[in-house]
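Enquirer: structure for this input, please:
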Amino acid sequence: MRIGILQCGQSPAQLKDELGDYPDMFMRLLAGRGLDFHIWHVEAMEFPDAVDQAEGWLLTGSRHGAYEDHDFIPPLEDFIRRAYGAGVPLVGICFGHQVIAQALGGKVVKHPDGWAVGMQDYDFDGQPVRLNAWHQDQVATPPEDAQVVGRNGFCEHAALVYGDRAFTVQAHPEFEDAFIQGLMDTRGKGVVPEDLLQRASGRMGGGTDAGLMADRIEAFFRQPRNRATGAA
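Expert: Prediction:
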């Protein structure tokens with residue numbers, strides 16, 4: 001199954017050599033599942049020619065806000081709407097979660113209560129799930145088509161399902177503890193409150209449910225669906 005990765009941001013330059021860029025992390029997360037990946041760096045204005053160039057699309061995180069004025073966001077939103085309309089499945093993580101919601105009529109905001117950093121506990125329809133997170137922005141109002149399937153006390157719309165067309169998650173199953181620590185050292189200092197960084201460091205090492213989330217992402221991509229015809 002061919003999965004197109006739409007790269008919406010980049011790993012800090014100080015971390016790339018050792019820990020990789022965002023597409024590398026997703027390819028590690030989803031390795032050994034018979035998925036064939038192709039990358040389009042949409043942040044750099046590299047877009048697929050058509051929504052059917054892949055059998056599913058995965059949108060990565062980004063340091064940008066979905067509501068900010070960046071050249072790549074309007075064409076990305078247009079691509080999302082076309083893929084959604086054609087029934088080509090979309091998976092979005094963090095920024096991907098947010099920009100899919102925004103493109104389909106939802107609202108994304110900078111959360112007034114600040115940041116979620118490091119290990120977080122979520123309720124996925126009654127199943128406890130632990131994942132690393134790194135965000136201040138959140139989906140405040142989901143689109144009408146979206147169903148909330150994951151939440152916690154800080155992030156009410158932590159995972160959304162749009163029928164068989166999109167599955168999006170605010171947390172980062174692809175982020176291992178070493179990368180979270182790297183983000184704290186490179187992007188967190190002076191931006192994220194120091195006490196929050198210390199708490200996040202203290203929760204490291206307990207393991208996450210990244211494998212469980214990888215299972216859910218694969219199952220979503222592979223579930224039977226009736227595709228619309230004439231995708232462009």
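
Enquirer: from here on, just use CA atoms for contacts and neighbour counts.
Expert: Fine.

Enquirer: any stretches of the chain with poor pLDDT?
Expert: By pLDDT under 70, the weakly predicted segments of the chain are 227-232.

Enquirer: which residues of this protein fall in strands?
Expert: Using DSSP state E, the strands of the chain run over 2-6, 36-40, 56-59, 90-93, 107-110, 116-124, 127-135, 137-141, 147-150, 159-162, 166-169.

Enquirer: partners of the third one, with directions?
Expert: Paired with strand 56-59 in the same sheet, following DSSP bridges, are strand 2-6 (parallel), strand 90-93 (parallel).

Enquirer: pull the distance from the shortest one to the chain's centre.
Expert: Spelled out, that is strand 90-93. Here strand 90-93 is found 5 Å from its chain centre; the criterion is CA atoms, centre = their mean, to the nearest Å.

Enquirer: residue closest to the middle of this protein?
Expert: The chain has residue 93 as the residue nearest its centroid, 0.6 Å off, counting by CA atoms, centre = their mean.

Enquirer: ok, that residue to residue 202 distance?
Expert: 24 Å (CA to CA, to the nearest Å).

Enquirer: the strands of the chain: which one's closest to residue 72?
Expert: Closest approach to residue 72 among the strands of the chain is made by strand 2-6 (11.1 Å; CA to CA).

Enquirer: and the angle for that closest one with strand 36-40?
Expert: 30 degrees (axes from the mean of the first three to the mean of the last three CA atoms, to 10 degrees).

Enquirer: export strand 2-6 to CSV, keeping only CA atoms.
Expert: Taking C-alpha atoms only, strand 2-6 is exported to CSV below (Å, rounded to 0.1, in the frame of the first residue of the first chain):
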residue,chain,number,x,y,z
ARG,A,2,1.5,3.3,-1.0
ILE,A,3,1.3,6.1,1.6
GLY,A,4,2.2,9.6,0.8
ILE,A,5,3.8,11.6,3.6
LEU,A,6,3.0,15.3,3.4
